[in-house]
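Trainee: missing the sequence, but the structure's below:
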């Protein structure tokens, strides 16, 4: 058995043979001198040793020792336990099988006991810094959701640098479900219908070839996709068949894992033009669905992306009642009808969604209407998003700032759509409404007075710039930067104005430095606030200052919020600010993937790609 970790990835055993609360129940015979071949148990306070740095542990020997864990002779059992401990990670697969499937209570109990003693240092000395940061405290996490979030963050790291670490989690995570989750994050993070590249195949085989865990077998099968797609797809169907009966056992699998396997199967079957089998697999996917809103949304998104209109119709018929409990599934169904060219049916369905959660109660508006509007905007369903935002603005309680928050979000949506006059007027109306209610300039919670007005003037400047009215644009930019809390984009726009007098330029640069210093202080005060890092990186990356710090801080914001497309956009700009268009394109591509409907992000991606081509020609 090939040992892939050597001494740089250490499995620590807190070995002990004395009885503990969860120790094997068998009582030892009267004490006697240990045999020459036996090693006395290490004291509990003795530092744990590294496993032997040998390249191979015979699998046959591991199986013999596991069998001896149930021997009638206490000393045979104990000697087998000690030797298994000395094998470290190389015995893990077999111990997991024994712990979960052995009919011999003594073997199962001792295997579980050995697994409990296991402490894994998940980082390898060759890991990139971002991988080490994500995994440093992995072992101490008690919430499975936190562990899964770390897996997602590893899968999202650019260039596939998190793949080896995810393979480690597949092989050495003691939870079978989490092991499978790590595999799913690798598989679902790959481009649709595309076999893994040679580098990924090499990493998978190097790390998982000797593992017998189900998730490892999935990855080893996946690694063969380029060479033998027909056999891989057939085997994948068998993996699904063996996984589905495990669903009643929450310690073995769950619906999300099985559904992910089925989705991959559908994609690969369609790639091989096996349409009938793909449709049968999709029916299998519908059978897994139970009508929960979150999973309905996920499944509908997946089907819409693949234009599986027949499957969508089947889902709409089967889950007619659950679909009408929450607005978002209905809106996505309406989106599917738009894509099919059936606008009347789309509008009728969207109207049903809009009529859900009626009334002016704060709970309806804050917990349903506002989140729905934001989700519609994220999906590029702008007309329906605008209607939901306006409902919030017009019906929210006067004393609550959710109306202003909706106005701010709506203005940002208009700005991204290059409707800057509408963006500015939306904020203008929000400021006026706040003053009428006696709330002054502080129209949004957590936003300083003057900040929103500065943003409004920036939008007006963008509008006049689009009209080729440079004088009006400059007038509004001046008002924006003269605010006590100047808008960052206004500072950047002023910085890029041509032909500025030297004295104005000097004052602007000083203001940018002052703003950056204030942001640095906020980072110092709140070192886990992703927004602070992102704001600093955006300002400095697009103007002047410590460009390396901008890149470093942008990466830190992504570590804290790995699913924020806007933060990858910032990283792209920060790299571009240093003239590194190769990394700028890579980061911006990720931003475009996370924000597929953002006009500005996609425009910048095209610009960075053009700059990279120019750079490569030199």
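Mentor: Thanks, I have it. Fair warning: this is a prediction, and the values are worked out from it, not measured in the lab.
Trainee: For the host helix or strand of residue 411, name the packing helices and strands.
Mentor: Using DSSP states H and E, residue 411 falls within helix 402-416. The helices and strands touching helix 402-416, judged by 3 or more CB pairs under 8 Å, 6 or more residues apart in numbering; DSSP states H and E, are helix 370-378, helix 382-395, helix 420-436, helix 451-466. Every residue, glycine included, has its C-beta placed from N, CA and C.
Trainee: who touches the first one?
Mentor: For helix 370-378, the surrounding residues in contact (CB atoms under 8 Å, 6 or more residues apart in numbering) are 327-328, 331, 353, 382, 384-385, 388-389, 391-392, 402, 405-406, 409-410, 413, 595, 597.
Trainee: Quick check: closest non-adjacent residue to the residue most central in space within the chain.
Mentor: When CA atoms, centre = their mean is applied to the chain, the residue found nearest the centroid is residue 152 (4.0 Å). Once flanking residues are discounted, residue 152 sits nearest to residue 185: 5.9 Å by CB to CB, 6 or more residues apart in numbering.
Trainee: tell me the average confidence for the host helix or strand of that neighbour?
Mentor: Assigned by DSSP H and E, residue 185 falls within helix 176-188. Across helix 176-188, pLDDT averages out at 94.
Trainee: pLDDT below threshold where in this structure?
Mentor: Low-confidence segments of the chain (pLDDT under 70): 1-57, 88-89, 192-193, 291, 398-399, 438-449.
Trainee: Domain ranges for it, per the record?
Mentor: Per the record, the chain has its domains at 11-120, 128-288, 357-498, 514-617, by automatic domain parsing.
Trainee: how about JSON lines for those, with distance to residue 336 added?
Mentor: Putting the domains of the chain into JSON lines (distance: least, CB to CB, whole Å) gives the following:
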{"stretch": "domain 11-120", "distance to residue 336": "42"}
{"stretch": "domain 128-288", "distance to residue 336": "14"}
{"stretch": "domain 357-498", "distance to residue 336": "11"}
{"stretch": "domain 514-617", "distance to residue 336": "16"}
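Trainee: Any idea which of these gets closest to residue 505?
Mentor: Of all the domains of the chain, it is domain 357-498 that lies closest to residue 505, at 8.7 Å by CB to CB.
Trainee: Near residue 275, how many residues? Count them for me, please.
Mentor: Here the number of neighbours of residue 275 (other CB atoms under 10 Å) works out to 10.
Trainee: Residue 247 now?
Mentor: 14.
Trainee: Quick check: it vs residue 476, distance?
Mentor: Using CB to CB, to the nearest Å, one obtains 59 Å as the distance from residue 247 to residue 476.
Trainee: cool, residue 100 as well?
Mentor: From residue 100 across to residue 476, the span is 67 Å (CB to CB).
Trainee: before we move on, what about residue 563?
Mentor: Look at residue 563 and residue 476: by CB to CB, they are 34 Å apart.
Trainee: Looking at the two, which one has more neighbours?
Mentor: Neighbours of residue 563 and residue 476, each counted by other CB under 10 Å, are more numerous for residue 476; the result is 22 against 12.
Trainee: Doesn't the more buried one belong to a strand?
Mentor: No - looking at residue 476 with DSSP: H, G, I helix; E, B strand; the rest coil, it is helix, so not inside a strand.
Trainee: Might you report the residue contacts of it?
Mentor: So residue 476 contacts 457, 458, 460, 461, 464 (CB under 8 Å, 6+ apart).
Trainee: okay, these in CSV with distance to residue 211 and neighbour count next?
Mentor: Below are the contacts of residue 476 laid out as CSV (distance: CB to CB, whole Å; neighbours: other CB atoms under 10 Å):
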residue, distance to residue 211, neighbour count
457, 60, 24
458, 55, 30
460, 61, 23
461, 59, 27
464, 63, 20
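Trainee: Return the member of those nearest to residue 233.
Mentor: Out of the contacts of residue 476, the member with the shortest distance to residue 233 (by CB to CB) is residue 458, at 52.5 Å.
Trainee: Give me the nearest residue to the closest one, chain neighbours excluded.
Mentor: Using CB to CB, 6+ apart, the closest residue to residue 458 is residue 490 (4.2 Å).
Trainee: Burial check on that neighbour, number of neighbours?
Mentor: Residue 490: 24 neighbours (other CB under 10 Å).
Trainee: Quick check: the gap between it and residue 475.
Mentor: From residue 490 to residue 475 the distance is 12 Å (CB to CB).
Trainee: before we move on, what about residue 346?
Mentor: 43 Å.
Trainee: who has more neighbours, these two?
Mentor: Just comparing residue 346 and residue 475: by other CB under 10 Å the higher neighbour count belongs to residue 346, 20 against 15.
Trainee: ok, the nearest residue to that one once chain neighbours are set aside - how many residues close by?
Mentor: Excluding the flanking residues, the one nearest residue 346 by CB to CB, 6+ apart is residue 337, at 3.8 Å. The local packing of residue 337 (other CB under 10 Å) involves 21 other residues.
Trainee: give me phi/psi at residue 337?
Mentor: Per-residue torsions, residue 337: phi -70, psi -40 (degrees, to the nearest 10).
Trainee: pretty sure it is touching residue 331, no?
Mentor: No - here residue 337 does not reach residue 331: they are 10.6 Å apart, not a contact under CB atoms under 8 Å.
Trainee: Mutual contacts of the two, please.
Mentor: What both residue 337 and residue 331 touch, as defined by CB under 8 Å, 6+ apart, is the set residue 349.
Trainee: can you tell me which helix in the protein is longest?
Mentor: helix 502-525 (DSSP state H).
Trainee: And the contacts of that helix?
Mentor: 481, 486, 488, 491, 494-495, 500, 529, 532-533, 535-536, 539-540, 543-545, 553.
Trainee: Now the buried members of those.
Mentor: The neighbour count (16 or more other CB atoms under 10 Å) marks 481, 486, 488, 491, 494-495, 532-533, 535-536, 539-540, 543, 545, 553 as buried among the contacts of helix 502-525.
Trainee: So which of these sit within helices?
Mentor: For the buried ones among the contacts of helix 502-525, the ones inside helices are 481, 488, 491, 494, 495, 532, 533, 535, 536, 539, 540, 553, with DSSP H as the criterion.
Trainee: Please produce JSON lines containing these, extended by distance to residue 588.
Mentor: Converted to JSON lines, these look like this (distance: CB to CB, whole Å):
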{"residue": "481", "distance to residue 588": "27"}
{"residue": "488", "distance to residue 588": "19"}
{"residue": "491", "distance to residue 588": "22"}
{"residue": "494", "distance to residue 588": "24"}
{"residue": "495", "distance to residue 588": "21"}
{"residue": "532", "distance to residue 588": "22"}
{"residue": "533", "distance to residue 588": "18"}
{"residue": "535", "distance to residue 588": "19"}
{"residue": "536", "distance to residue 588": "19"}
{"residue": "539", "distance to residue 588": "18"}
{"residue": "540", "distance to residue 588": "18"}
{"residue": "553", "distance to residue 588": "17"}
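Trainee: Report how many residues lie close to residue 341.
Mentor: Around residue 341 there are 8 other residues, counting by other CB under 10 Å.
Trainee: Could you look up the SS state of it?
Mentor: Applying three-state DSSP: residue 341 is coil.
Trainee: Next up, the contacts around the residue nearest to residue 152.
Mentor: Contacts of residue 185 (CB under 8 Å, 6+ apart): 148, 151, 152, 154, 155, 166.
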